[in-house]
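Student: Build me a model from this:
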Amino acid sequence: MELRDYIRILRKRGWIILVMVLLTSISAFAFSKWQIPEYKGYVTIQFRAARADWGLTNAAKTLLPSYRNFIASEKTARRAIERLQLDMTPQQLLSKVATKADEADFTLKVEVRDYDGELAKQIAQTMAEIFVEDQTEWNQRQDKRDRVEAFILNSARYALYRPKTKMNVLAGAIFGVLLGILVIFFLEWLEADIIWGVEDVERYLGLTVLGTIPAHSSRSYSKRPLWRR
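Tutor: Take a look at the predicted model:
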């Protein structure tokens, strides 16, 4: 097909794309509003070696997985539940918690998801504080030159985790465009062997039509194809 054929198709059936975009965007918006808002509380723990030694720093970085395991342990969860007086089991609390280690920045991020944003923030802050307290206690038993200090970089915060209404609507609009294009090409495929008028004859045969036989009425002409190939 040539470029002018695509332009002709868009002029003829472009409204289908607009309708599909409208429908999918409204559906995505309604779905976002239907969802219960879920929030993510997060806090970052920064580590610092006692001395600027390449070996000590890299050795400390290898401990990041063990630090993550400590935060995601039932012992830490139980202590956080006791401090916050939460009505849940350690397993239920841990199902809300996720940790991310960044060796480049030597940091550990604690994330907590909950339908209560303030509670998610408090849990993240408490679990980070418990870890820092235990790390400080562990450092007291080590030589000062071998210590790895841990401290909370910023106080815990929370933000909306989902739904992302704008992102969902945008994704719905893109899906609507693709769906509309598929519908258009399907309809064109169904009508590929039907000649509806003079323009189709000239396009398929590459010849100029000099004259046509008048139809009985404009009404019958609009409903019937000239020819089926």
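
Student: quick one: contacts for Glu129?
Tutor: When contacts are counted by Cβ atoms under 8 Å, 6 or more residues apart in numbering, Glu129 touches Ile152. Every residue, glycine included, has its C-beta placed from N, CA and C.

Student: Mind jotting down where the helices sit in the protein?
Tutor: For the chain, the helices defined by DSSP state H cover 3-34, 54-61, 64-71, 74-84, 90-94, 117-140, 165-190, 198-205, 218-223.

Student: can you pull the buried residues of the longest one?
Tutor: What that stands for is helix 3-34. Neighbour counts over helix 3-34 (16 or more other Cβ atoms under 10 Å) mark Ile9, Arg13, Ile16, Ile17, Met20, Val21, Thr24, Ser25, Ala28, Phe29, Ser32 as buried.

Student: With the fifth one instead?
Tutor: Residues of helix 90-94 classed as buried: Pro90, Leu93, Leu94 (neighbour count, 16+ other Cβ under 10 Å).

Student: out of these, which one sits closest to Leu56?
Tutor: Distance to Leu56 across these (Cβ to Cβ) is lowest for Leu94, with 31.2 Å.

Student: Not counting its neighbours along the chain, what's nearest the closest one?
Tutor: Closest residue to Leu94 apart from its sequence neighbours, by Cβ to Cβ, 6 or more residues apart in numbering: Ala77 at 5.2 Å.

Student: where's the one you found relative to Glu129, distance?
Tutor: For Ala77, the distance to Glu129 equals 14 Å [Cβ to Cβ, to the nearest Å].

Student: got it, and Ile181?
Tutor: The gap separating Ile181 from Glu129 is 54 Å, by Cβ to Cβ.

Student: Now do the same contact list for Glu118.
Tutor: Shown in contact with Glu118 (Cβ under 8 Å, 6+ apart): Tyr158.

Student: now do 10 Å
Tutor: Counting by Cβ atoms under 10 Å, 6 or more residues apart in numbering, Glu118 touches Tyr39, Gly41, Tyr158.

Student: of all those residues, which comes closest to Ala150?
Tutor: The nearest member of the contacts of Glu118 to Ala150, counting by Cβ to Cβ, is Gly41 at 18.9 Å.

Student: Tell me, please, where in this structure the pLDDT is lower than the cut-off.
Tutor: Applying pLDDT under 70 to the chain picks out residues 1-2, 5, 53, 55, 192-229.

Student: how is it carved up into domains?
Tutor: 1-35+163-192, 38-162, 193-229 (automatic domain parsing).

Student: Most tightly packed of the ones you listed?
Tutor: Of all the domains of the chain, domain 38-162 carries the top mean neighbour count, a mean of 16, counting by mean count of other Cβ atoms under 10 Å.
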